[in-house]
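> Just the structure for this:
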Amino acid sequence: MVDIRQLLILICVLLLLSGCIPNEYKFENRTGEDATKAEELLKGDDRLKGAAALFYEDHLLVGIRVKTFSRFNKRDIAKEVEKKLKKAYPELTVFVSADSKILTETNKLILKNDEKGLKKKIDHLIKLAKEET
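Numbering: from 1, shown residues only. A predicted model of the protein is given here:
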């Protein structure tokens, strides 16, 4: 029979381990642009715990994941990051979202090496995110 103390210790350990999800940053550059500025900017922002950035033709699509205590300001953080990226990449159409659906879909686009219809999918994601807000 499992002792109550052992059960409580097990639960505490599981809770501690579940909070230790590593930061995840993914970058895919399918243009001639230098992506290091975006990497430095996103990885250097200590309010973020993950991001997915996709450079494609004249677009830069970025989905960000903010840290737990910054969630209340996630839209403001996304706007601020977008402003910095627009300044760094004035020739690109930059879109940044803190919506988890945009982050997930951007990750899918990065992992999928299918060039066919990619621009259409990017435009569709941007349109969906703008409709939501």
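
> hey, let's count contacts and neighbours off CA atoms from now on
OK.

> Would you map the strands across this structure?
Ranges of strands within the chain are 24-29, 48-56, 59-66, 93-97, based on DSSP state E.

> mind putting those strands in JSON lines, mean pLDDT and distance to Leu125 included?
JSON lines is the format used below for those (pLDDT from 0 to 100; distance: least, Cα to Cα, whole Å):
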{"stretch": "strand 24-29", "mean pLDDT": "90", "distance to Leu125": "17"}
{"stretch": "strand 48-56", "mean pLDDT": "93", "distance to Leu125": "12"}
{"stretch": "strand 59-66", "mean pLDDT": "93", "distance to Leu125": "9"}
{"stretch": "strand 93-97", "mean pLDDT": "93", "distance to Leu125": "10"}
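
> Figure out which of those is closest to Lys87.
strand 93-97 (9.7 Å; Cα to Cα).

> So what are the sheet partners of the closest one and their directions?
Looking at strand 93-97 with DSSP bridges, its partner strands are strand 59-66 (parallel).

> tell me the contacts of Lys79?
By Cα atoms under 8 Å, 6 or more residues apart in numbering, the contact list for Lys79 reads Val96.

> cool, His59 as well?
Leu92, Thr93, Val94, Phe95.

> That one and Asn29, how far apart?
Distance check for His59 against Asn29: by Cα to Cα, to the nearest Å, it reads 10 Å.

> Nearest residue to Ser70 in space, ignoring adjacent ones along the chain?
Arg47 (6.4 Å; Cα to Cα, 6 or more residues apart in numbering).

> for Ile122, same thing?
Leu61 (7.4 Å).

> isn't the one you found right up against Leu92?
No: in this structure, Leu61 is not within contact of Leu92 by Cα atoms under 8 Å, at 9.8 Å.

> Looking at those two, which one has more neighbours?
Using other Cα atoms under 10 Å, the more surrounded residue of Leu61 and Leu92 is Leu61, with 23 against 18.

> So in terms of bridging, what pairs with the more buried one?
Applying DSSP bridges to Leu61 yields these beta-bridge partners: Leu54, Phe95.

> Next, the contact list for it, please.
Taking Cα under 8 Å, 6+ apart as the test, what Leu61 contacts is Ala53, Leu54, Phe55, Val94, Phe95, Val96, Thr106, Ile122.
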